[in-house]
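> Following is a predicted model, sequence given first.
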Amino acid sequence: MSIQSIIDDFALLDDWEDRYRYVIELGRALPELPEAERNEATKVRGCASQVWLVSDSEARDGKTVLLFRGDSDAHIVRGLIAIVLALYSEHSPQEILGIDAEAIFQKIGLREHLTSQRSNGLSAMLARIRSDAEARLAA
């Protein structure tokens, strides 16, 4: 699912109860990570829930793009991961570093409706993705 379709779907939902249900639905559609990928190397620090992010890269149209997969033990967090993956996956490291996630979260009102722990966890996921992109650029 694209980030634009998520933004469009958010716009159709009037209240935050419906939006939370939608975020949970996004999480349910997220493929589970294999147990072997749920390890200390892929674990995201700073999240209250268990969160794992895996990044891979592949060449497409003469450029390297990063592909992200993620999982969590919490339903709403799985949905947040789905939003983050729609935002960042299949972009080049340079593109990832240029994405203004906060502007998108502002547009859909996401941050203001998250608990401080979930907001901190979301920030930790974004920092991890940016770090992975920076590491790919440096390699």
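Structure's in. What do you need?
> Got the confidence number for the nearest residue to residue 92 once chain neighbours are set aside?
Leaving aside its chain neighbours, residue 92 sits nearest to residue 63 (5.2 Å; criterion: Cβ to Cβ, 6 or more residues apart in numbering). C-beta here means a position set from N, CA and C on the backbone, and glycine is covered the same way. For residue 63, the model assigns a pLDDT of 90.
> and residue 63, how many residues sit next to it?
Residues contacting residue 63 under the criterion other Cβ atoms under 10 Å number 11.
> Torsion angles phi and psi at it?
Summarising the backbone geometry of residue 63 under the convention degrees, to the nearest 10, its torsions are phi -130, psi 160.
> How about it: which residues does it bridge to?
With beta bridges defined as DSSP bridges, residue 63 has these partners: residue 60.
> I'd like the distance between it and residue 93.
In this structure, residue 63 and residue 93 are 9 Å apart, going by Cβ to Cβ, to the nearest Å.
> separation between the residue positioned nearest the centre of the chain and residue 6?
What sits nearest the mean C-alpha location of the chain, by Cα atoms, centre = their mean, is residue 84, with 2.0 Å. Plainly put, residue 84 is 11 Å away from residue 6 if you go by Cβ to Cβ.
> And residue 76, by the same measure?
With the distance defined as Cβ to Cβ, residue 76 ends up 15 Å from residue 6.
> before we move on, what about residue 118?
As judged by Cβ to Cβ, residue 118 and residue 6 stand 17 Å apart.
> picking that back up, list the contacts for the residue nearest to the centre of the chain?
In this structure, residue 84 makes contact with 68, 70, 101, 122, 125-126, 129, judged by Cβ atoms under 8 Å, 6 or more residues apart in numbering.
> Got the confidence number for it?
Here, the pLDDT recorded for residue 84 equals 97.
> now residue 11
Looking at residue 11, its pLDDT is 93.
> and residue 37, how far is that from residue 19?
As for residue 37, its distance to residue 19 is 29 Å (criterion: Cβ to Cβ).
> Have a look at these two and say which one is more surrounded.
Higher neighbour count among residue 37 and residue 19: residue 19, with 19 against 15, using other Cβ under 10 Å.
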